[in-house]
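[1] Here is a sequence together with a model predicted from it:
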Amino acid sequence: MRTAPQHQVTASGSHLAITPSILYFGTPVVLLTTENPDGTFNLAPISSAWALGQVVVLGLSREGWTGANLAERPELVISLPEPGQWAAVERLGGLTGRPPETGPGNRAARYEPDKFSATGFRAQPSQRVRPPRVAECPIQLEARAVRVAPDAAGEFLIVEARVAKVHADERLVVPGTQHIDPAAWSPLIYNFRHYFGLGPEIGHSGISETPREGRRILDPGPDDIGGQVLTGRRAPFFVPARKP
C-alpha cells in the first residue's frame with residue numbers, strides 16, 4: 001500500500017501571482033543570546049536561521065539590539081526551542097533589550113533588561129563563549145559571528161556565525177554516536193507567522209547517517225516526488241500565533 005505524503009496538493013495548473021508581505025515559508029525559531037555593553041545578556045527570538053556545515057546564517061533586524069551587540073561583541077549562543085515552548089517564545093518577541101535612551105528600536109516592543117526572568121527561561125553557563133545558553137532548549141550552539149553585514153536590500157543584517165560547541169539533550173542523541181535522532185527531535189517552526197511542530201516522518205534522504213530499521217522503500221508513483229516512505233511516530237503540532 002502506498003503512503004501519500006502529508007499535505008500533498010495535486011497540481012491544478014492554476015497558480016496565482018501574489019505579493020505576500022512576508023516569505024516565511026517555514027523555518028526553525030532560534031533564541032539568540034548576546035552580550036550587552038554593560039556585561040549583561042540579551043535574549044531574542046528570530047525565525048530566519050539556516051546552517052551550512054558548521055556555519056549558521058542568521059537574518060536580523062537592523063534596528064534590533066542583537067545586531068548592535070554582535071557588531072561589537074561577536075560571541076553568541078543559538079538555542080533551539082521545541083514546539084511546547086511557543087508561548088514563552090511569543091512573550092519574548094514582545095520585549096526589547098535596547099534601552100530607550102539608545103534609539104527607537106522596535107517601537108511596538110516593551111523594554112525589558114532581564115528577558116530570562118520575564119519569560120521564564122533560565123540562563124545556563126556556556127563553555128566557549130560569554131553569553132549563556134537557554135537551559136530549557138534541547139539544542140544549544142555556542143558560536144562566534146565572523147561576519148555581520150547588511151542584506152542586498154539594505155533592510156536587514158545577515159550574520160554568519162561559526163559554531164564552536166554543540167550541546168544536545170541526551171534523549172535526542174543516538175546512543176554511541178555524535179548524531180541527533182531526527183525522530184526524537186522536533187524544532188519549533190515559524191510558518192507565515194504561525195507556530196508549528198514537525199508532523200510524522202515520511203522518509204529520509206539517501207545520505208542520512210541515522211537510518212532506522214522498519215522502513216519500506218517504495219517506488220514513486222505518478223503523483224509522488226519519490227523517496228522512502230514510512231509511518232511517522234510524531235503527531236502534528238499547531239498553535240496559531242497572534243494576528244500579524
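    Done, it's in. Numbers count the residues shown, from 1 in each chain.
[2] quick one: low-confidence parts of this structure?
    Applying pLDDT under 70 to the chain flags the ranges 1-11, 103-107, 211-244.
[3] and stretch 63-80, how far apart are its ends?
    In stretch 63-80, first residue to last residue: 23 Å (C-alpha to C-alpha, to the nearest Å).
[4] My understanding was that residue 209 contacts residue 178; is that so?
    No. Using C-beta atoms under 8 Å as the test, residue 209 is too far from residue 178 to be in contact (9.2 Å). Using the backbone N, CA and C atoms, a C-beta is placed for each residue, glycine as well.
[5] where's the nearest residue to residue 158 once chain neighbours are set aside relative to residue 26, distance?
    Once flanking residues are discounted, residue 158 sits nearest to residue 151: 5.2 Å by C-beta to C-beta, 6 or more residues apart in numbering. To residue 26, residue 151 is 20 Å away according to C-beta to C-beta, to the nearest Å.
[6] ditto for residue 128
    From residue 128 over to residue 26 (counting by C-beta to C-beta), the distance is 30 Å.
[7] buried residues in stretch 26-33?
    For stretch 26-33, the neighbour count (16 or more other C-beta atoms under 10 Å) marks 27-33 as buried.
[8] again, but for stretch 102-122
    105-106, 109, 112-113, 115-116, 118-119, 121.
[9] now stretch 69-87
    Residues of stretch 69-87 classed as buried: 69-70, 73-83, 85-86 (neighbour count, 16+ other C-beta under 10 Å).
[10] Tell me the one among the residues you listed nearest to residue 142.
    Set against residue 142, the nearest of the buried residues of stretch 69-87 by C-beta to C-beta is residue 77 (5.5 Å).
[11] How is that closest one assigned, secondary-structure-wise?
    strand (DSSP: H, G, I helix; E, B strand; the rest coil).
[12] Distance-wise, check the closest residue to it other than its chain neighbours relative to residue 177.
    Sequence neighbours aside, residue 33 is the residue nearest to residue 77 in space, at 4.3 Å (criterion: C-beta to C-beta, 6+ apart). To residue 177, residue 33 is 28 Å away according to C-beta to C-beta.
[13] on that earlier part again, sitting in helices, which of the buried residues of stretch 102-122 do you find?
    Using DSSP state H, the members of the buried residues of stretch 102-122 that fall in helices are 115-116, 118-119.
[14] tell me which of those residues is nearest to residue 159?
    Nearest to residue 159 out of these is residue 115 (C-beta to C-beta; 19.1 Å).
[15] Contact partners for that closest one?
    42-44, 92, 95, 97, 121 (C-beta atoms under 8 Å, 6 or more residues apart in numbering).
[16] Same question for residue 79.
    30-33, 133-134, 137, 139-141.
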